[in-house]
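**Q** using only what follows, build the 3D model:
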Amino acid sequence: MTYEFLVLSLLFLVPGALIWFARPDLRWVMKRTVPLALPFATTEWLFYPEYWTPRFLFDLADRIGFGLEDVLFVAGLGAFASTAYAVAFRRAVVPRGDAVRSLPRALGALGGVLGVAGLLRGGGVPILYASVVAMGVCAAALLWVRPDLWGPGLLGGLMSAAIYLVLCLIFAGLVPGVFERTWRPSLLLRGRFLGVPLDELLYGWGAGVVATVVPAWTFGFGFGRRK
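**A** A predicted model of the protein is given here:
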């Protein structure tokens, strides 16, 4: 199978689609989080081909630095990572009643993550770890002002990593040997869990933390028991 990233990206849309139909109350979170995640699709040129070497539809990664697969991937990841905590622990999103300026906050969070990642990458840190650290720094800063999000953030990260693992296992079953052929050896974490590179699980955890915390801060909501 040639277009392995397309297969992975389509798989990543499935959990969010299931949540969309099973939890209508979380749709507005997805509607706001997915657009917030889409700009990260354009950062593929930082990963390809240093971190991995998939083939892209129409060779777009070689032409413009990212592909249609990246758009699908970040949309799917944003959808399930932002809602995994609420689904797994039967929580509802609860507006805090604070007047928030969502657009400046969204732009600030995006700029913070991209800025920290860029600085680390410029300092020689491999891009995947620069991304994870940048997401962690952004989440930590927001948790300092929103300590009520510590639990949801950490648990949301764990749930996202678990979903990420399951999707990668299905992916490896559909495309045998793909991690060995397409992923380059990690510079820091050389291990695998059930055949999945630990780097990927680390990325899934970081994405889950930041996707749980950033929307809650940006749009002014918290988590409460679901009735």
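
**Q** going forward, measure contacts between C-alpha atoms and count neighbours the same way
**A** Noted.

**Q** and the helices in this structure?
**A** With DSSP state H as the criterion, the chain has helices at 4-22, 27-37, 44-47, 60-64, 68-81, 84-88, 102-122, 127-145, 150-174, 178-182, 198-219.

**Q** which other helices and strands contact the last one?
**A** Where contact means 3 or more CA pairs under 8 Å, 6 or more residues apart in numbering; DSSP states H and E, helix 198-219 is packed against helix 27-37, helix 68-81, helix 102-122, helix 127-145, helix 150-174.

**Q** could you tell me the angle between it and helix 68-81?
**A** Here helix 198-219 points in a direction 70 degrees away from that of helix 68-81 (axes from the mean of the first three to the mean of the last three CA atoms, to 10 degrees).

**Q** what's the burial count for residue 46?
**A** Neighbours of residue 46 under the rule other CA atoms under 10 Å: 16.

**Q** so how far is residue 125 from it?
**A** Noted for residue 46: a distance of 12 Å to residue 125, by CA to CA, to the nearest Å.

**Q** so who does residue 110 touch?
**A** residue 36 (CA atoms under 8 Å, 6 or more residues apart in numbering).

**Q** so how far is residue 80 from it?
**A** 19 Å.

**Q** quick revisit: so which of the helices of the chain is nearest residue 95?
**A** helix 198-219 (8.4 Å; CA to CA).

**Q** list the buried residues for the closest one?
**A** For helix 198-219, the neighbour count (16 or more other CA atoms under 10 Å) marks 198-219 as buried.

**Q** can you name the residues that contact residue 223?
**A** Residues near residue 223 by CA under 8 Å, 6+ apart: 86, 91-94, 152.

**Q** can you tell me which of the helices of the chain is nearest to residue 189?
**A** helix 198-219 (6.3 Å).

**Q** that closest one to helix 102-122, inter-axis angle?
**A** Using the same axes, to 10 degrees: helix 198-219 against helix 102-122 is 150 degrees.

**Q** next, the angle from helix 198-219 to helix 27-37.
**A** If you take the same axes, to 10 degrees, helix 198-219 sits at 110 degrees to helix 27-37.

**Q** what's the angle from helix 198-219 to helix 127-145?
**A** 30 degrees.
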